[in-house]
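In: Can you look at this prediction? I've put the sequence above it.
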Amino acid sequence: MISPQDLRSPQVPAGADALAAREPVLALDLGGTRVRAAVVMPDGTVAGRREQATPLADAADAVLDACQRLLSDVRAEVAPGGEPRLIGVSCPGPLDAWNGVMLDPPNMGPTFHDVGIGERLEAALSLPVFVERDTLVAALGEAVFGAARGCRDFLYLTVSTGIGGAVVSDGHLLLGPDGTFGELGHITVDMDGEPCGCGGRGHLEALASGTGILGQARIALDGGATTVLREFAGVAGRPSARDVADAAERGDQVAASIMDRARRAFAAACVSFVDIFDPDVIVVGGAIADGQGDRLLDPARALIEATAFRLPRRRVRIEPAALGQDVGLVGAFVLATIRSPDPRWRGGRPLPG
């Protein structure tokens, strides 16, 4: 088995020209809510996109069947620029990317322990498959075709149901000895804060993710708080994270307090990221970030300007992600393209010479 200690991540291409790709890639973006497939062209355009709800209730085999079916349908429908000869896959971690195995992703359920998604798709589609954690794949997409184009040092953050991240340093995607580097959502921002789903307390994810925002709303409602959140019909009669944000915009004080805390937690974490990693840019994507826009990013920019170390704060920018819902598909194209020449990765080809 290949170990992460044996590998340094290949240089992240600084834009599409540096990628020098010559063939399209069959791309899969597997998430806890949706699964998407498409053919991605060398210029980053997405063709034949198909998607469906992730059938988690039917366990891992049904989800893998759905992945295989979507990829097969896209492959049969779209082959502009030539037949795809590689498959890139974005999926939740933790995982063994070197062998294409999903280990125990917490948002996918117990049937996803040690699932060989790479082997399964290779056998079904007779193409080499390259698998990586969703946030790392998104960082590759933004580096080549998005908001981090041309940057050698940047962070990618996704603020959505959970909060995840990836770090590119000196042009290399950092992996860590276990392949789990970049779990930026689990930085502690409040020692006495709410429990996080990972078992820790006061993590950024527990305060500023969709799950964290909803959890704080439920605590307020269970405590008898007077709030318009009681009017919203969410799961099991509870509000959703979007409901909390909407209620805050309507002037509800409970919801406004929850959203203000989420923004302050995100800002505090960004100051730490600037001081620790010294990035050129922090790229922020995900459903919560997309919905909040500058209401989330501006407080972070202001706190960095006021409190971060003087040298890195002069240079760093906080930018919204550019690729939207296609980030996993476009990033999967980059992933397969840069890893396919290296035989140490599952599906890799013999190195030239």
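Out: Received the coordinates, thanks. Everything quoted here is computed from the prediction, not taken from an experiment. Numbers count the residues shown, from 1 in each chain.
In: Name the helix or strand for the closest residue to residue 264 other than its chain neighbours, please.
Out: Excluding the flanking residues, the one nearest residue 264 by Cβ to Cβ, 6 or more residues apart in numbering is residue 299, at 6.7 Å. For glycine as for every other residue, the C-beta is placed from the backbone atoms N, C-alpha and C. Per DSSP states H and E, residue 299 falls inside helix 294-307.
In: Would you mark the buried spots in that helix?
Out: 296-297, 299-301, 303-304 (16 or more other Cβ atoms under 10 Å).
In: and what of stretch 87-104?
Out: Here stretch 87-104 shows 87-98, 100-102 as buried, counting by 16+ other Cβ under 10 Å.
In: Could you do stretch 251-270 as well?
Out: Quick answer for stretch 251-270 (16+ other Cβ under 10 Å): 252, 254-256, 258-259, 261-270.
In: try stretch 334-341
Out: Neighbour-count burial for stretch 334-341 [16+ other Cβ under 10 Å]: 334-340.
In: How about stretch 29-41?
Out: 29-32, 35-41.
In: Can you tell me which of those residues end up in strands?
Out: Those of those mapping onto strands are 29-30, 35-40, per DSSP state E.
In: where do the strands sit along the stretch 251-353 of the chain?
Out: 281-285, 317-320 (DSSP state E, counting those that start in this stretch).
In: ok, of the buried residues of stretch 87-104, which one's closest to residue 283?
Out: Nearest to residue 283 among the buried residues of stretch 87-104, counting by Cβ to Cβ, is residue 90 at 15.9 Å.
In: Just say helix, strand or coil for that closest one.
Out: Assigned with DSSP: H, G, I helix; E, B strand; the rest coil, residue 90 falls in the strand class.
In: Enumerate every residue touching it.
Out: For residue 90, the contact set (Cβ atoms under 8 Å, 6 or more residues apart in numbering) comprises 27-30, 132-134, 137-138, 328-329, 331-332, 335.
In: out of those, who's nearest residue 62?
Out: Among the contacts of residue 90, residue 30 lies closest to residue 62 (Cβ to Cβ), at 12.5 Å.
In: Could you tell me the angle between the helix or strand encompassing residue 137 and strand 281-285?
Out: Residue 137 belongs to helix 134-145 when assigned by DSSP H and E. If you take axes from the mean of the first three to the mean of the last three Cα atoms, to 10 degrees, helix 134-145 sits at 120 degrees to strand 281-285.
In: pLDDT on helix 134-145, on average?
Out: Computed over helix 134-145, the mean pLDDT rounds to 94.
In: Quick check: next helix or strand after it?
Out: Beyond helix 134-145 toward the C-terminal end (DSSP H and E), the next one is strand 154-159.
In: Other residues contacting that following strand?
Out: Against strand 154-159 from outside (Cβ under 8 Å, 6+ apart): 134-135, 138-139, 142-143, 148, 163-168, 184, 208-209, 266, 273, 277, 279-289, 292, 296, 321.
In: one more time with 6 Å, if that's ok
Out: 135, 138-139, 142, 148, 164-168, 273, 279-286, 288-289 (Cβ atoms under 6 Å, 6 or more residues apart in numbering).
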